[in-house]
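A.B. asks: Quick one, fold the following:
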Amino acid sequence: MSTTRNSTTHEVLNQAAPRVGVDEFALNPALQEALAAFAPSAKSEWFHEIGRHVGTEQYQHDAELANTITPVHHSHDRWGNRVDEIEFHPAYHRIMEFSVSRGLHTSAWADPGVGANVERAAGFMLVSQIEAGHGCPLSMTHAVVPSLRMSPELAAEWEPALLSTVYDPQLRDPATKSGVLFGMAMTEKQGGSDVRANTTTAEPVTVESSAAAAGSGMYALRGHKWFCSAPQSDAFLVLAQAPEGLSCFLVPRVLPGGESNPFLVQRLKDKLGNKSNASSEVEFDGTLGWMVGEPGRGVRTIIEMVGRTRLDCVLGAAAGMRQGVAEAVWHARHRAAFGATLIDQPAMAAVIADLQLESEAATWTALRLAAAHDDEDAAPFRRLATAVAKYWICKRGPNHAYESLECLGGNGYTEAFPLARRYREQPVLAVWEGSGNVIALDVLRAMAREPESVTAFDAELAAQLGRNGLFDQHVERVRDLIGRAASDPVAAPAIARRLVEAMALALQAATLLAYAPAPVAAAFCLARLGPDRSAEYGALPDGVDIAALVARA
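C.D. replies: Purely as a prediction, here's the structure:
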């Protein structure tokens, strides 16, 4: 506990010391163990270096600055030229530069192989634990690669800079840049997740209107986008209605040769959280783009990108849970009340243990999914498992953040401590890339159209049968719900959320039983699958080893 002479009236005592100068990787046994399980050749010192960097006072202060001195849109320069520039505080650029320099955007593509996606995921989680907003452009830049590869000529042109570890935030001719970042613009006012309702049009450029428009595959886009993520990016994947139907386009901010592409930022979104990341509304007025993939197959082209960003939603939510429990247990170990340190109070210990259990399940599941992205044979499994985990882990995030915040009492409710920011941040991960009903219905769609995904998912569960009675009983419930959905597709949406929740809990339990320490897996089955399970954090059933979980927090 810290004691400081404040004034002649009182001393500051019984306050936790600042949580700085720590190695976030060293303090996270679940992340260390999961990394060893799914990427055994990973060099742990690299992650310790990231963990120490994000644990510094400077990095944490930069995270605060990036979220309090927020991005500013400048539509015109001082002479009246339309520029649509987004100005960030230097702290944001320092954070971005560090993450890009470590390849946390595209390292899995630059250096593919066994464990590549797992290593990238672990590093992404470490930085996102402290500053979540910058994960958005990192995620989209990572996710754009498989979609871009559907047009090999475009991939060959853009990939060298995409896979670079150089962070260059200046908007200029992409041919002159060593590193670029990508965003995306899909949704519109009238459609939201229903992108087939998009009204933005794309007409082939038949006349060479400028030097930049020369060549094949060029289209002129007109319309609007209700959400455009990271408008400061060098280029975007955009959905628009071509003559052949809804198609995908690569739209650069600056055209080859250096001419600005009409990319009209209408305003930046004033969001609940995610303050460091600029989100915007944009309009296209003769904006030039290259078609990516096949004409009229825009959804098919961009679906792999969506799968990758959904995975990053899971990574981000798990990182947020880790921040929550780490801050909560730090406070509880340094604060005393009613004659004992908080962590020694049984009620508080139960809450911390439950928060840690949730965090561990999310962490292990997140890296299991990342491992599935390193294995093409696992494509059917990851198709269903990623959506299922995205639904559940991201939905659990906000309540986990709230309970963690409450552990700090009044301190947690102030913006001087990081959990107020985390509490505002967690909901975006449940909303982005499909909110609850959208994801639940997508799971039903995948089950109906890709039955091999159900077979692969069931095999993941079946491999752990016989190890825990509660798990075995839960798998039977999952199979019954899957059978009900398959036998009556018309009625299936009414049970979709119940089905996906049950599948997610089964996936988490199977992952823990297969890879995590036995006490953690047993505690999860008791607390989440047993008859005494409770939605209230800290209401753990008898048999859960609270002390063991607290020791891992």
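
A.B. asks: drop to CA atoms for contacts and neighbour counts, all remaining ones
C.D. replies: Will do.

A.B. asks: Buried ones in the longest helix seen in the chain, by neighbour count?
C.D. replies: Criterion DSSP state H: the longest helix present in the chain is helix 298-334. Buried residues in helix 298-334, counting neighbours by 16 or more other CA atoms under 10 Å, are found at 298-299, 301-302, 304-332, 334.

A.B. asks: I'd like to know the average pLDDT value across it.
C.D. replies: Helix 298-334 carries an average pLDDT of 95.

A.B. asks: list the helices and strands it packs on?
C.D. replies: Counting by 3 or more CA pairs under 8 Å, 6 or more residues apart in numbering; DSSP states H and E, the packing neighbours recorded for helix 298-334 are helix 116-130, helix 135-148, strand 245-252, strand 340-341, helix 346-372, helix 379-407, helix 418-431.

A.B. asks: what's the nearest residue to residue 475 if we skip its chain neighbours?
C.D. replies: Taking CA to CA, 6 or more residues apart in numbering, and ignoring the residues beside it in sequence, residue 475 has residue 506 as its nearest neighbour in space, at 6.5 Å.

A.B. asks: Export the helices and strands packed on helix 298-334 as TSV, with columns for mean pLDDT, distance to residue 484 and mean neighbour count.
C.D. replies: Supplementary listing: the helices and strands packed on helix 298-334 in TSV, determined by pLDDT from 0 to 100; distance: least, CA to CA, whole Å; neighbours: other CA atoms under 10 Å:
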stretch	mean pLDDT	distance to residue 484	mean neighbour count
helix 116-130	98	35	25
helix 135-148	97	34	24
strand 245-252	97	34	25
strand 340-341	95	50	14
helix 346-372	98	26	25
helix 379-407	98	17	24
helix 418-431	97	26	23
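
A.B. asks: thinking again about what came up before, these two touch, right, the residue nearest to residue 475 and residue 470?
C.D. replies: No - contact between residue 506 and residue 470 fails when scored by CA atoms under 8 Å: they sit 10.3 Å apart.

A.B. asks: higher neighbour count, the two?
C.D. replies: For the pair residue 506 and residue 470, the greater number of neighbours falls to residue 506 (25 against 18), based on other CA atoms under 10 Å.

A.B. asks: Need the pLDDT of residue 6.
C.D. replies: The predicted structure scores residue 6 at 60 on the pLDDT scale.

A.B. asks: sorry, that was for residue 294
C.D. replies: According to the per-residue confidence, residue 294 scores 95 in pLDDT.

A.B. asks: Residue 216 too?
C.D. replies: What the model reports as pLDDT for residue 216 is 61.

A.B. asks: for the nearest residue to residue 96 once chain neighbours are set aside, what are its contacts?
C.D. replies: Leaving aside its chain neighbours, residue 96 sits nearest to residue 134 (6.7 Å; criterion: CA to CA, 6+ apart). When the contact criterion is CA atoms under 8 Å, 6 or more residues apart in numbering, the partners of residue 134 are 92, 95, 96, 128, 276, 277.

A.B. asks: Mind pulling the model confidence for residue 134?
C.D. replies: The predicted local confidence for residue 134 is 98.

A.B. asks: i'd like the first residue to be 6 from this point on
C.D. replies: With the count now opening at 6, the last piece we talked about shows up as residue 139.

A.B. asks: Remind me which helix or strand the residue nearest to residue 480 belongs to.
C.D. replies: Assigned by DSSP states H and E, residue 511 belongs to helix 501-520.

A.B. asks: Between helix 384-412 and that helix, find me the angle.
C.D. replies: On the basis of axes from the mean of the first three to the mean of the last three CA atoms, to 10 degrees, helix 501-520 is oriented at 90 degrees to helix 384-412.

A.B. asks: Can you name every helix or strand that helix 501-520 contacts?
C.D. replies: The contact analysis (3+ CA pairs under 8 Å, 6+ apart) places helix 501-520 against helix 351-377, helix 384-412, helix 441-454, helix 456-467, helix 474-492, helix 523-529.

A.B. asks: Can you add distance to residue 206 and give those helices back as CSV?
C.D. replies: Converted to CSV, the helices and strands packed on helix 501-520 look like this (distance: least, CA to CA, whole Å):
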stretch, distance to residue 206
helix 351-377, 36
helix 384-412, 30
helix 441-454, 25
helix 456-467, 35
helix 474-492, 37
helix 523-529, 50
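
A.B. asks: Nearest to residue 289, out of those helices?
C.D. replies: Distances from residue 289 to each of the helices and strands packed on helix 501-520 were compared using CA to CA; the shortest belongs to helix 441-454, at 27.2 Å.

A.B. asks: Only C-alpha atoms, please: export the closest one in CSV.
C.D. replies: This file holds the C-alpha atoms of helix 441-454, laid out as CSV (Å, rounded to 0.1, in the frame of the first residue of the first chain):
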residue,chain,number,x,y,z
GLY,A,441,-26.1,-10.7,-31.5
ASN,A,442,-29.1,-11.7,-33.7
VAL,A,443,-27.0,-11.3,-36.9
ILE,A,444,-24.4,-13.7,-35.6
ALA,A,445,-26.9,-16.2,-34.3
LEU,A,446,-28.7,-16.2,-37.6
ASP,A,447,-25.4,-16.6,-39.4
VAL,A,448,-24.7,-19.7,-37.4
LEU,A,449,-28.0,-21.2,-38.5
ARG,A,450,-27.2,-20.3,-42.1
ALA,A,451,-23.8,-21.9,-41.8
MET,A,452,-25.3,-25.0,-40.3
ALA,A,453,-27.8,-25.4,-43.1
ARG,A,454,-25.5,-24.5,-46.0
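
A.B. asks: Name the residues of it that are buried.
C.D. replies: Going by neighbour count (16+ other CA under 10 Å), the buried part of helix 441-454 is 441, 444, 445, 446, 447, 448, 449, 451, 452.
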